[in-house]
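Colleague: everything below, folded, please.
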Amino acid sequence: MRSTAAILACSLVGAGLSVAKEFVEAPVVKGNPEGVVYRATLLDKDNTEVRGTVEATAGPGGEGVTFSVDVSGFPDEKEFGPFSYHIHDQPVPEDGNCTKTLAHLDPFQRGEDPVCDKDKPATCQVGDLSGKFGSISDVADGKHFTQTYHDLYTSTRHGPGAFFGNRSVVFHYKDKFRVNCGNFVLVKGEPPAGNHSVLPTGAYPTPSATSSPTASPPPFEGTANRVGALSVGVMLAGVAALVW
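Modeller: Down below sits the predicted model:
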């Protein structure tokens, strides 16, 4: 009996350790500049007909960002869809290689697993737009996918890790293949302090360490919320001690 309790205790402690990774909720971004508009235009690639734009500007009162998505040209949805899209960490380089945009914008190092819960958007990767607001579907025969939504956790103000004005958007097939991409460029308004100058459509800024969220100052003003995965581990360890 005592050995059985010991095995159970060890199992519970192990389970506690396995979920002890600290998880951070993204806080609401405030102070986004009014009148500033960024637009990403997908590239004219020979190997895909996927084309479109993603436009972004400050949400009401400068809180969060309002995105307007208009894309079309997707292949057979049963074979390749549903289609997803995300803000990626790096801009598209001059050769147009979408793979070089690296991973999703993720200033809190959340990772892709578990998948985003759209009912809890603060717990998703900051750049996981389709995870938070839905994948692309019902786009057969060249039908446009159009959607406008308000995301509270991205920034058009230079400085926070959630700033995407010097980054890119990438569209994917269901197998994560990167079908097309484009850089966000400033198309309207005065550049926020410290931001890049307005770039002409089709211009691709060179990736640099300063454009990575891991090299940025603290991503937001205020304190992010830490979800209690660590406390779950402690609780399980405590249960194990009682069993013992």
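
Colleague: in the chain, which spans are strands?
Modeller: Applying DSSP state E to the chain gives strands spanning 23-25, 37-41, 51-58, 65-72, 84-88, 145-151, 168-172, 178-188, 225-227.

Colleague: make TSV out of those and add mean neighbour count.
Modeller: For the C-beta atoms, the positions are set from N, CA and C on the backbone; glycine is no exception. Shown next, in TSV, are the strands of the chain (neighbours: other CB atoms under 10 Å):
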stretch	mean neighbour count
strand 23-25	16
strand 37-41	21
strand 51-58	21
strand 65-72	19
strand 84-88	25
strand 145-151	15
strand 168-172	26
strand 178-188	22
strand 225-227	14
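
Colleague: which one of the ones you listed lies nearest to D106?
Modeller: Among the strands of the chain, the nearest to D106 by CB to CB is strand 84-88 (9.4 Å).

Colleague: what is that closest one packed up against?
Modeller: helix 129-133, strand 168-172 (3 or more CB pairs under 8 Å, 6 or more residues apart in numbering; DSSP states H and E).

Colleague: make a markdown table from the ones you listed and add mean pLDDT and distance to D95 to it.
Modeller: Formatted as a markdown table, those follow (pLDDT from 0 to 100; distance: least, CB to CB, whole Å):
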| stretch | mean pLDDT | distance to D95 |
| --- | --- | --- |
| helix 129-133 | 98 | 25 |
| strand 168-172 | 98 | 13 |
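
Colleague: adding distance to D89, write the ones you listed out as CSV.
Modeller: CSV is the format used below for those (distance: least, CB to CB, whole Å):
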stretch, distance to D89
helix 129-133, 14
strand 168-172, 8
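
Colleague: among these, which comes closest to K188?
Modeller: Of all the helices and strands packed on strand 84-88, strand 168-172 sits nearest to K188, with 17.6 Å by CB to CB.

Colleague: need the residues that contact the closest one.
Modeller: 40, 42, 50, 54, 71, 83-88, 90-92, 98, 101, 129, 136, 178-184 (CB atoms under 8 Å, 6 or more residues apart in numbering).

Colleague: at 6 Å instead, please
Modeller: Contact with strand 168-172 is made by 40, 54, 84-88, 91-92, 98, 101, 178-181, 183, as judged by CB atoms under 6 Å, 6 or more residues apart in numbering.

Colleague: helices along this protein, start to end?
Modeller: Remark: helices assigned in the chain by DSSP state H are 2-18, 77-80, 129-133, 229-243.
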